[in-house]
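Q: got a predicted structure here, sequence first:
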Amino acid sequence: MKRVEIIKLLEAGEVGATVCVKGWVRTKRGSKNVAFIALNDGTCLNSIQVVADVDQFAEDDLRRITTGASISVSGELAASKGAGQKVEIVAEQLEILGEAPADEYPLQPKKHSMEFLRDIAHLRFRTNTFSAVFRIRHALSFSVHEFFNKNGFYHIHTPIITGSDAEGAGEMFKVTNFDLNNIPRNEEGAIDFRQDFFESETNLTVSGQLEAELAALALSKVYTFGPTFRAENSNTSRHLAEFWMIEPEVAFADLAENMDLAQDFLRYTINYVLENCKEDLNFLNRRFEEIESKKPKNERSDSGLIEKLEYVLRDDFKRITYSEAIDILRNCKPNKKKKFNYIIEGWGADLQSEHERYLVEKHFKSPVIIYDYPADIKAFYMRQNDDNQTVAAMDVLFPGIGEIIGGSQREERLDVLKKKMADFNIPEDEMQWYLDTRRFGTVPHSGFGLGFERLMLFVTGMTNIRDVIAFPRTPGNAKF
Ligand code: 4AD
Ligand code: MG
C-alpha cells in the first residue's frame, strides 16, 4: 500500500479509510491489552496515534517498537477519543523498519538540554523543537525568494571562493591546494601563490556584495542568498563562522530607499511565517513562554513570541542618525552608572550589542535603524556624506538580537572611491573590476546584508544561533 504523509492524514484523513503511514516512534505507552504509539514523520509537528491490540501482534515485535524506532503501519482510520486529534489508526499490520534500542538511543521522551542536543545534532531533527525550527527555516527561506521575485529582483549566485575581502576586516578562511608541509616560496621568501591552484591568494567569501553590485549595475535589482564565512573568534550566541546571508543590491536607490526596502523585506518574511507556520509557531510560542516564566521577573520578556512578531509588523521602524544614538547612549542610566561593559565616551565610538539592545529594548521599544555612521568604523565602499565625516551606512537593530541588517548606499564616484581605497590600504590593481563599474556608466546604488540565522533567532525565539542552523560552525567546532 502507498504511504500517506501524516500531515495529509491529520488535515483530511477520513474515518473508515485504510491507510499506510511510516515514521519514527516518539512514544509508546499502554496497558496489557493495547499499545498507543505516537508516530511522527516530520511532515508536521503533530504525531498520529497508532492503536495496536496487543493480542494481534507478536510480543517480540511490540517490544522492539521503542522511542526512535522506524515503523510502517497499515490500518483503518478511526475517530479518536484522545484530545487534540481527529483521527487515529487502528493497526492491522506493523512492520519494524529500523530498531532504536532504548539503552543506546540518546533521545528519550524527556527534556534534553540544548547543549546535549547540539552534541547530537545528527539526531536533534527528531525532536519537536528542532523539527519545528527547520520547517520554519524552510518557510522563511522560501519567503525571501518570494519577496524578491514578486518585487522584480533577480537572484544572482555569487562566488564562494574569492580573492577579495569585501568587509576589510581580514577575517577570512584561506582556500589553498598547497601541500601544507611544503609550501612554495618565492625569491623573497614569501608564499608563492602563483603556484597555487588559482595562481593567486584566495579565501572563502565574507560577503557576496561586491559581485552583486556588478550585477545590479546592469540588471537594476538583484539579490544573493548564499553561505558566507568569517574567521572571527567570537564565541557568542549570535555569531557563526559559517552563516547564510541575503544581500539585495539596487541601482538608482539612495539610503532612504534602502531603509524602506529593509523594512518591507523583513516584514514580508515575518508575516509569511506568521501566516504559514501557525502550528510550529504556536509550539515555539509555548516553549518561549515556558522558558521566560522560569526567569526572574525583571529579566522576563514582556510579550510572547507571536506578539513580538506581530508587533514588528505594526509601526514603522524608528530611524535615527548615529549622532542621535550617541547622544541618547551617552546620557542614559547604564552608561552614567557604568553598567555597560563599554562606556560610551563620545562621538566616534563603535556601538556594541549592549548599546544596540538598550536603544531597541529599553529606549525606543521598537526596531531601530541607525544611519550615517562615522566613516572610520565602516567599510571602504560606503558612500561619503557631504560632512566628510560620516558615510551613508545603516544598521537595522532588532529586539533580543541587536544588529540584524547592515547596509549602505555605495560610493559611486570614482575619485572618492579611489581615495577611500588608498586610505584603507586596498590595492587598486586587485579591484580593477570593481572600479570599472564606476569608470563606465556609474550610478548611485544601495544594498544591505541580512544575516539569515539572526532573523531565524528572532522568528523562532531560540536563544542561541547554534540552534537555528543544522550544523553550526563555531570556533573549535566543525563536527558533522
Ligand atoms: O554587517 P555585515 O558585516 O555587512 C556585510 O557583510 C555587507 N557586505 C552587507 C551588504 O551591504 N551587502 O553583515 C551583514 C549581516 C549582519 O547585520 C548580521 O546580521 C550578519 O550579517 N552577520 C552574522 N551572522 C552570524 N554570524 C556572524 N559571524 C555574522 N556576521 C554578520
Ligand atoms: Mg555590520
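A: Perfect, I can see it now. Ligands and ions are numbered 1, 2, ... in the order given.
Q: contact partners for residue 72?
A: 3, 20-22, 93-95, 97 (Cβ atoms under 8 Å, 6 or more residues apart in numbering). For every residue, glycine as well, the C-beta is placed using N, CA and C.
Q: and those residues, which is closest to residue 292?
A: The shortest separation between residue 292 and any of those is 35.5 Å, and it belongs to residue 21 (by Cβ to Cβ).
Q: which strands or helices does the strand or helix carrying the closest one pack on?
A: Secondary structure here is read from DSSP states H and E; on that basis residue 21 sits in strand 18-30. Using 3 or more Cβ pairs under 8 Å, 6 or more residues apart in numbering; DSSP states H and E, the elements in contact with strand 18-30 are helix 6-12, strand 34-40, strand 48-53, strand 70-79, strand 87-98.
Q: may I see the buried residues of it?
A: Across strand 18-30, burial judged by 16 or more other Cβ atoms under 10 Å covers 19-26, 28.
Q: out of the helices and strands packed on strand 18-30, nearest to ligand 1?
A: Proximity of the helices and strands packed on strand 18-30 to ligand 1 was assessed by Cβ to the nearest ligand atom; the nearest stretch is strand 34-40, lying at 30.4 Å.
Q: each with direction, which strands does that closest one pair with?
A: strand 18-30 (antiparallel), strand 48-53 (antiparallel) (DSSP bridges).
Q: got CSV for the buried residues of strand 18-30, with distance to residue 459 too?
A: CSV is the format used below for the buried residues of strand 18-30 (distance: Cβ to Cβ, whole Å):
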residue, distance to residue 459
19, 34
20, 35
21, 30
22, 30
23, 26
24, 26
25, 30
26, 25
28, 33
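Q: so which of those residues comes closest to ligand 1?
A: Within these, proximity to ligand 1 (Cβ to the nearest ligand atom) peaks at residue 24, which comes in at 31.1 Å.
Q: follow-up on the earlier one: including distance to residue 358 and pLDDT, could the buried residues of strand 18-30 go into a markdown table?
A: Shown next, in a markdown table, are these (distance: Cβ to Cβ, whole Å; pLDDT from 0 to 100):
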| residue | distance to residue 358 | pLDDT |
| --- | --- | --- |
| 19 | 55 | 97 |
| 20 | 56 | 98 |
| 21 | 51 | 98 |
| 22 | 51 | 98 |
| 23 | 47 | 98 |
| 24 | 45 | 98 |
| 25 | 47 | 98 |
| 26 | 42 | 97 |
| 28 | 50 | 95 |
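Q: could I get the contacts of residue 72 as CSV with distance to residue 382?
A: Converted to CSV, the contacts of residue 72 look like this (distance: Cβ to Cβ, whole Å):
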residue, distance to residue 382
3, 54
20, 59
21, 55
22, 54
93, 65
94, 63
95, 62
97, 56
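Q: now the two most distant members of the residues you listed.
A: By the measure Cβ to Cβ, the contacts of residue 72 have their two most distant members at 3 and 94, which lie 14.2 Å apart.
Q: leaving out sequence neighbours, find the closest residue to the residue lying farthest from the centre of the chain.
A: Here the chain has its C-alpha centre computed as a mean, and the residue farthest from that point, by Cα atoms, centre = their mean, is residue 55 with 49.0 Å. Nearest-residue entry for residue 55: residue 33, 7.3 Å, with adjacent residues in sequence omitted and distances by Cβ to Cβ, 6 or more residues apart in numbering.
Q: check whether that neighbour really touches residue 53, as I assumed.
A: Yes - using Cβ atoms under 8 Å, residue 33 is in contact with residue 53, at 7.0 Å.
Q: the more surrounded of those two?
A: Neighbour comparison, residue 33 and residue 53: the larger count goes to residue 53, with 12 against 9 (by other Cβ atoms under 10 Å).
Q: bridging residues for the more buried one?
A: Partner residues in beta bridges with residue 53, using DSSP bridges, are residue 34.
Q: quick one, domains of the chain?
A: Using automatic domain parsing, the domains assigned to the chain come out as 6-108, 126-171+206-467.
Q: distance between the shortest one and the chain's centre?
A: So the one you mean is domain 6-108. The gap between the average C-alpha position of domain 6-108 and the chain average comes to 33 Å, counting by Cα atoms, centre = their mean, to the nearest Å.
Q: what comes up buried for the strand or helix carrying residue 448?
A: Taking DSSP H and E as the criterion, residue 448 maps to strand 445-451. Applying a neighbour-count criterion of 16+ other Cβ under 10 Å, one finds 445-451 buried in strand 445-451.
Q: before we move on, the earlier item: output the strands paired with strand 34-40 as a markdown table; include the columns distance to residue 400.
A: Formatted as a markdown table, the strands paired with strand 34-40 follow (distance: least, Cβ to Cβ, whole Å):
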| stretch | distance to residue 400 |
| --- | --- |
| strand 18-30 | 30 |
| strand 48-53 | 35 |
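Q: how many residues are close by residue 317?
A: Look at residue 317: counted by other Cβ under 10 Å, it has 20 neighbours.
Q: what pLDDT does the closest residue to it other than its chain neighbours get?
A: Once its chain neighbours are removed from consideration, residue 317 has its nearest residue in residue 367; the separation is 4.3 Å (Cβ to Cβ, 6+ apart). With respect to pLDDT, residue 367 scores 97.
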